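Enquirer: A predicted structure for the sequence below; I have some questions about it.
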Amino acid sequence: MTALPDLSTKPLLGVLRGEIPKVPPMWLMRQAGRYLPEYRALRAEKGGFLDLVYDPDAAAEVTIQPLRRFGFDGAILFSDILVVPHIMGQKLWFEEGEGPRLAPPLLDGDMTALREPLGSGESVFQTVRQVKAALAPETTMLGFAGSPWTVATYMVAGQGSKDQSAARRLAYRDPVKFGALIDAIVAATVEYLSGQILAGADAIQLFDSWAGSLSPQQFADWVIAPNAAIVRAVKARHPDTPIIGFPKGAGAKLVDYARGTGVDALGLDETIDPEWAAREFPRDLPLQGNLDPLALITGGDTLARATDRILAAFAGRPHIFNLGHGILQDTPIAHVDQLLERVRG
C-alpha cells in the first residue's frame, strides 16, 4: 500500500483533509491560461487548443507556468471537461471565438450515434505524470473532470448554450434515455479520474458549471445522484484521494449537494455569501472560494475588501482561497500579485 504524503509539506492537501493552517493555501481556477503572456506565446506556437491539451509536453508546460510566476499551492491540470465525451466517441473541435463543438449532437439521447471510443485519455495521464515529477514537494497536483450534467449539456446540444434547454428538455421528455447518457458519462468519468489519480493527482475536482440551470428535482436527479455515484466509485478505488465538488450556481441547493454527494470539500461560486456558507456548513467541511473574478480584475481597494471579507468569514475552519469561477483573460497580472500578498499577509 502506498504511504500517504506528509500533509505538513502539502498545505492544500492538508486542508482537504481537515487541517487549518494559519494562512489558507491558494490556487485559482483557470490559473493556466490566456491572461498569461507565456501561455499566449505557447498557444500561438502550437496552434489549436486541443493541440495543447493532447500534447503532454505542452500541457505540462502550461500547467506549470502559473506556478513559476506566482507559487500557488496547487497545480491544476491543463485540459478540458470535454475530453470525456471525446474519449466516448464524439468528434470535438473548437471554433475560434465561438467555443467547443461536438458531433453528432445527441438531441434524442441515442448513444448509438457515437463512434467507437477514442481511447482512455492516456495523453492526459502522461501530462499528470510529467507535471507531478516537476512539482515542488509542497505543491498539490489537482486533477479534474466535468460533472455528468454539465458534460451532458454539451453532448446533447453539440455546443454550449445559455440555458441548457436541449438537455433539460430531453431530461423531462425521456428521462430513461437521458439517464442512460448520464450513466455512461459517470462510468467514463470514473475511469478518467482514476487514471489521473494513478498518474499522480493528489486530489480531484468535479466541475458542474451549469448546475444552476436546474429545478430542485432535476438538480437531485442529474447533479446530486451522478456526482454521488462518481464519488462512491472513485473512493472505492482511491479512498485517500480528496474530491472537491463545484456545482456553480447551485445557491441554497449546495446544502443538499454537500450532504448527498459525499464530496470531501465544497467549492463556492462568487454568488454565495461567505458568511452564510460559514454558518450553514459543518465547521470541519473544507470550503473553497470564492472571490468574484471581476473583483480581481478591478484590483485596488475593491479587491482588498472582498478578499478580507472571505478570509474573515472562513477563519478558523479548513479553507482554500480561490475564485468563484475561472480567472478571466483580461485580468492584470499585477492584481494577482496583489491578491497573493493580501492572502499571505
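Expert: Received it, and whenever you're ready, just let me know what you need. The structure displayed is predicted, hence computed values, not measured ones.

Enquirer: ok, residues contacting the helix or strand containing Asn322?
Expert: When elements are defined using DSSP states H and E, Asn322 is found to belong to strand 319-323. Strand 319-323 has contacts (CB atoms under 8 Å, 6 or more residues apart in numbering) with 12, 15-16, 20, 24-29, 73-74, 265, 267, 270, 286-293, 296, 307, 310-311, 343. C-beta here means a position set from N, CA and C on the backbone, and glycine is covered the same way.

Enquirer: hmm, 7 Å instead?
Expert: For strand 319-323, the surrounding residues in contact (CB atoms under 7 Å, 6 or more residues apart in numbering) are 12, 15, 24-29, 286-289, 291, 293, 296, 310, 343.

Enquirer: Which ones among those residues lie within strands?
Expert: Judged by DSSP state E, strands contain the following of those: Leu287, Gln288, Gly289, Leu291.

Enquirer: which residues touch the last one?
Expert: So that's Leu291. Residues in contact with Leu291 (CB under 7 Å, 6+ apart) are Glu270, Ala306, Thr307, Ile310, Leu323, Gly324.

Enquirer: Is it bridged to anything, and to what?
Expert: Per DSSP bridges, the residues bridged to Leu291 are Leu323.

Enquirer: Relative to Glu38, which of the contacts of Leu291 is nearest.
Expert: Using CB to CB, Leu323 comes nearest to Glu38 of these, at 20.0 Å.

Enquirer: What is the neighbour count of that closest one?
Expert: Leu323 has 27 neighbours, counted by other CB atoms under 10 Å.

Enquirer: per-residue confidence for it?
Expert: With respect to pLDDT, Leu323 has a value of 98.

Enquirer: so how far is Gln288 from it?
Expert: Distance of Leu323 to Gln288, given as CB to CB, to the nearest Å: 10 Å.

Enquirer: Please apply the same query to Pro85.
Expert: Pro85 sits 26 Å away from Gln288, going by CB to CB.

Enquirer: more neighbours, these two?
Expert: Neighbours were counted for Pro85 and for Gln288 using other CB under 10 Å; Gln288 has more, 28 against 24.

Enquirer: my read: the more buried one touches Asp269, true?
Expert: No. Counting by CB atoms under 7 Å, Gln288 sits too far from Asp269 to count as a contact (10.3 Å).
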